[in-house]
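Asks: quick one: sequence plus predicted model below, questions after.
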Amino acid sequence: MPRRAAPLVPLSWDHRNTLLLCTTIERSLAGDSRFGDGDVDGLRGRVLTHGDRHLLPHFGDEEMLLVPMLRRLGDEGAAFAARMIAEHVDIGAVLARVRLAPRDRVEVALRSFAALTRAHVRFEERELYPFVETHVDREALAAAALRMVGRRTDDRRADRRELQAVRGELFDDAPLELDPATP
Ligand SMILES: [Fe+2]
């Protein structure tokens, strides 16, 4: 994983947590007991809780933070915004399948969630965020990210380190270490 610009660090932390959930789903269903017993009801509960409390609000954070800036960057920026939003909608639909699937279809829905979400995070970390880092004015991005952390704090969703991270106070040059297994 590349190092992230300070304003994007809280969102990258969200990605790390979501990738860990994807890994847990995949390895637990594959029979790796270090990641659980493969119980689909338990995994379904974890995914839905993560979706409601973290992932869907994260999508909202990203769209509020990035879409207006991307749309000011011409066709390429608008295309990035459109792809991000479309993938958020697709993952929301898979979450609905996880929620509503009859028991014999839950495993398929969980696998779809893990695969789609992992690919989406890969797109954002490898393509979208680098584009933002190189094309969006850093001061404007930082100001918007501070507002985002304020909203997350009001909603009791912010890790206490987020404000420091967005201000660039948390790390000097330390890389953000995400799951090294990320493809
Ligand atoms: Fe994201």
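Replies: The structure has been received and is ready for your questions. Residues are numbered from 1 along each chain as shown.
Asks: pull the residues that contact the helix-or-strand element of the chain with minimal mean pLDDT.
Replies: The helix or strand with the lowest mean pLDDT-type score in the chain, counting by mean pLDDT, DSSP states H and E, is helix 162-166 (a mean of 92). Under the criterion C-beta atoms under 8 Å, 6 or more residues apart in numbering, residues 6-7, 9-10, 13, 142, 145-146, 148-149, 152-153, 170-171 lie in contact with helix 162-166. The C-beta positions use only the backbone N, C-alpha and C, and glycine is treated the same way.
Asks: let me know the pLDDT of residue 160.
Replies: Note on residue 160: pLDDT of 84.
Asks: also the one 10 residues further on?
Replies: Turning to residue 170, the model gives it a pLDDT of 79.
Asks: wouldn't it be in contact with residue 160 here?
Replies: No: if you go by C-beta atoms under 8 Å, residue 170 and residue 160 don't touch, sitting 10.8 Å apart.
Asks: so these two - more neighbours on which side?
Replies: For the pair residue 170 and residue 160, the greater number of neighbours falls to residue 170 (15 against 7), based on other C-beta atoms under 10 Å.
Asks: can you count the residues close to residue 132?
Replies: Other residues within reach of residue 132, judged by other C-beta under 10 Å, total 23.
Asks: related to what we said a few turns ago, ok, of the contacts of helix 162-166, which come out buried?
Replies: The neighbour count (16 or more other C-beta atoms under 10 Å) marks 6-7, 9-10, 13, 142, 145, 148-149, 152 as buried among the contacts of helix 162-166.
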